[in-house]
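1. Okay, predicted coordinates and the sequence, questions at the end:
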Amino acid sequence: MATKVAVTGHMELSEETVPLVRAELERLLRMFEPSGLVGLSCVAPGADSLFAESVLAAGGRLVAVLPSRDYRTATVKSDHAETYDRLTAAADEVLVLPFETASREAYEAANAVLLERADRLVAIWDGQPNALEKAGTMADIVSGARGAGLAVDVVWPAGASRQTATAAG
């Protein structure tokens with residue numbers, strides 16, 4: 001039986017936080033049978049991509065949920081393009097939502113799809129508001145998951161931090 005795990009989380013993780021989160025995800029994903037593990041991710045920079053890479057490294061399958069048809073061209077920055085392309089190519093399924101352009105509505109729909117298809121949610125989140133979020137807050141997504149009866153694993157290891165606005169540039 002498959003276990004479908006969706007992700008939400010901060011895009012702007014500090015460089016020092018990446019290995020901490022990666023190690024915690026590796027530990028967390030060990031509780032699932034690799035052949036039945038399905039990760040659901042929008043493959044954004046930061047949490048989404050770290051989670052997608054961790055699912056694949058654990059032997060699971062990846063479902064990329066893309067909010068819009070122009071998601072790659074409109075939102076993927078050059079420093080993330082190689083990772084994005086590699087992960088979407090490695091995905092067993094790439095679900096492109098029926099929105100022409102990336103918008104609040106498209107992001108909210110993607111979050112809804114993640115929760116509809118998931119058995120549980122991993123939130124790579126410090127519990128604080130995220131000024132860079134385009135639509136829906138992680139708190140809203142976590143609350144929605146819990147309201148739908150999904151188990152939620154909050155991943156924020158000791159020593160983890162987000163990039164500051166100046167570092168994120």
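-> Arrived safely.

2. Now do the helices in the chain.
-> In the chain, the segments counted as helices under DSSP state H are 17-29, 47-57, 71-75, 78-90, 104-117, 138-147, 165-168.

3. Tell me which of the ones you listed sits nearest to residue 97.
-> Closest approach to residue 97 among these (CB to CB): helix 104-117, 5.4 Å. C-beta here means a position set from N, CA and C on the backbone, and glycine is covered the same way.

4. tilt between the closest one and helix 138-147?
-> With axes from the mean of the first three to the mean of the last three CA atoms, to 10 degrees defining the directions, helix 104-117 sits at 30 degrees from helix 138-147.

5. Check what pLDDT the most centrally placed residue in the chain gets.
-> Compute the mean C-alpha point of the chain, and by CA atoms, centre = their mean the closest residue is residue 48, 2.7 Å away. Note on residue 48: pLDDT of 97.

6. How much space separates residue 127 from residue 163?
-> According to CB to CB, to the nearest Å, residue 127 and residue 163 sit 17 Å apart.

7. out of these two, which sits in the busier spot?
-> Taking other CB atoms under 10 Å, residue 127 and residue 163 do not tie; residue 163 has more neighbours (17 against 10).

8. nearest spatial neighbour of the more buried one, skipping sequence neighbours?
-> Leaving out its chain neighbours, the residue that sits closest to residue 163 by CB to CB, 6 or more residues apart in numbering is residue 12, at 4.3 Å.
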